[in-house]
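Novice: Sequence first, predicted model second:
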Amino acid sequence: MKQWARRVVPTDVKALRNFLTAERKSTLPFSDPALMLSGFHSNRPFVYPERPSTAKGYISDLDFLRRIDGLNPAQVRRELSDKLGFAERMQAEGFGDRMPRMFGVSRDGRFEVTEEYSGEPIIIKPVDGRAGQGISAFTSLDDALAACPPDRTFLVQERVQAHAYGREIFPGSLNALRVQVVRRTPGAGPVVAAVVQRMGSRATAPAHSLTAGGLVARVTPDGVLTYAIGPTRGRHRERFDTHYETGGQITGRVVPFYAEALDLARELMTLYPDALYVGWDIAIAERGPIVLEGNATWPNLATLQAHGPFANAPEVRDFFVERGLLRVG
């Protein structure tokens, strides 16, 4: 352990501390010191399709922790982490039909109405939540407001009806795409780096967190799902062609409105010209793609690499090479 510490402590103390904290909380903690020496968590060979290395094109966990705060300006990180501000800006910029309807905000025990509620299913979402934490679904406004703690702020939104495509896989969650977009310099044209499809389970509903029991599949450039993987359970990586609870087909399924979803992600980047690295959560509804939020601080690296390296296109690879996350060659 001392040898490992001597090799990585000089890089960045904060990154090392976060790396060790995540390792301690992971499956198989500290079980593969050799892999940790190269900057990857010990369980990665059972998350990824092979034993990862930077030479194979994988971004290491430690390098990602060292660089993540510098991938976007602080102002962009603040703006996109403010879920209420994001919703208000979307409305102001004319994207209101491309996001869930917002009926109001529960703040300090008071409900501030923004749109008349007409009786449909709704969700509450904490403005400071991450990874689907704190999202709950309700059939009435009174029940939703009763569940909002008075010391936190919650968005009260329409519970978007997922497209039949997503409901056939798992009907209890919205099953949003994560569309990872990069641009090499501020104001440059955005490039879609990777797209994955998240799917919920009974343990995650109404959210779709992989670590809590959901599934994730990569989406091909043609909008077709590959196999899915679930959360790591010890030294076991299981592939799923169908959902393990519903039997819904995953592998080979075509994502509806896929081109429109990618266009929406690229268009959203025009609202944030200084943003260089954003993971857009886009749900496929019957009415088309709906943006849920943008992630500019901590998009899940393991989710993007669960099916192998993703920075394969030259412009995407250049982005990560220039920022010290991938080696040249």
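Specialist: Noted; the coordinates are in hand. Numbers count the residues shown, from 1 in each chain.

Novice: tell me the mean pLDDT over stretch 264-276?
Specialist: Across stretch 264-276, the average pLDDT comes to 96.

Novice: hmm, who's touching it?
Specialist: Stretch 264-276 is contacted by residues 71-73, 75-76, 79-80, 89, 93, 95, 98, 179, 181-187, 190, 192, 278, 280, 282, 289, 291, 294, 296, 319 when judged by C-beta atoms under 8 Å, 6 or more residues apart in numbering. (C-beta placed from N, C-alpha, C; glycine too.)

Novice: Can you get me the start-to-end distance on that stretch?
Specialist: 16 Å (C-alpha to C-alpha, to the nearest Å).

Novice: Pull out the buried residues from that stretch.
Specialist: Buried positions in stretch 264-276, judged by neighbour count with 16 or more other C-beta atoms under 10 Å: Leu264, Ala265, Arg266, Leu268, Met269, Leu271, Tyr272, Ala275, Leu276.

Novice: so the second one, which of the three states?
Specialist: It stands for Ala265. Under DSSP: H, G, I helix; E, B strand; the rest coil, Ala265 falls in the helix class.

Novice: What's the separation between it and Ala275?
Specialist: As for Ala265, its distance to Ala275 is 11 Å (criterion: C-beta to C-beta, to the nearest Å).

Novice: repeat for Tyr227
Specialist: Distance check for Tyr227 against Ala275: by C-beta to C-beta, it reads 31 Å.

Novice: For the contacts of stretch 264-276, which ChimeraX command selects only the ones that are buried?
Specialist: If you want just the buried ones from the contacts of stretch 264-276 in ChimeraX, going by 16+ other C-beta under 10 Å, the selection is:
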select :71,72,76,79,80,95,98,179,181,182,183,190,192,278,280,282,289,291,294,296,319
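
Novice: Going along the chain, name the helices of the stretch 101-250 of the chain.
Specialist: Ranges of helices in the stretch 101-250 of the chain, per DSSP state H, counting those that start in this stretch, are 141-146, 164-169.

Novice: Ala217: which of these is closest?
Specialist: Comparing the helices of the stretch 101-250 of the chain against Ala217 with C-beta to C-beta, the closest turns out to be helix 164-169 (9.3 Å).

Novice: need the strands for this protein, in chain order.
Specialist: For the chain, applying DSSP state E gives strands covering 102-107, 110-113, 122-126, 136-138, 153-158, 177-182, 191-199, 215-219, 225-229, 239-240, 277-285, 288-295.

Novice: got these as TSV, with distance to Ser60 columns?
Specialist: As requested, those are exported to TSV (distance: least, C-beta to C-beta, whole Å):
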stretch	distance to Ser60
strand 102-107	39
strand 110-113	44
strand 122-126	31
strand 136-138	36
strand 153-158	35
strand 177-182	17
strand 191-199	17
strand 215-219	20
strand 225-229	20
strand 239-240	24
strand 277-285	17
strand 288-295	20
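
Novice: Pro314: which of these is closest?
Specialist: For Pro314, the closest of these is strand 191-199, at 9.9 Å, according to C-beta to C-beta.

Novice: Kindly spell out which helices and strands sit in contact with the closest one.
Specialist: Packed against strand 191-199 by the contact rule (3 or more C-beta pairs under 8 Å, 6 or more residues apart in numbering; DSSP states H and E) you find strand 177-182, strand 215-219, strand 225-229, helix 258-269, helix 301-305, helix 314-322.

Novice: what about the ones you listed, which gets the closest to Ala55?
Specialist: Closest approach to Ala55 among the helices and strands packed on strand 191-199 is made by helix 314-322 (13.4 Å; C-beta to C-beta).

Novice: For the closest one, buried residues please.
Specialist: For helix 314-322, the buried set under the neighbour-count rule, 16+ other C-beta under 10 Å, comprises Val316, Arg317, Asp318, Phe319, Phe320.
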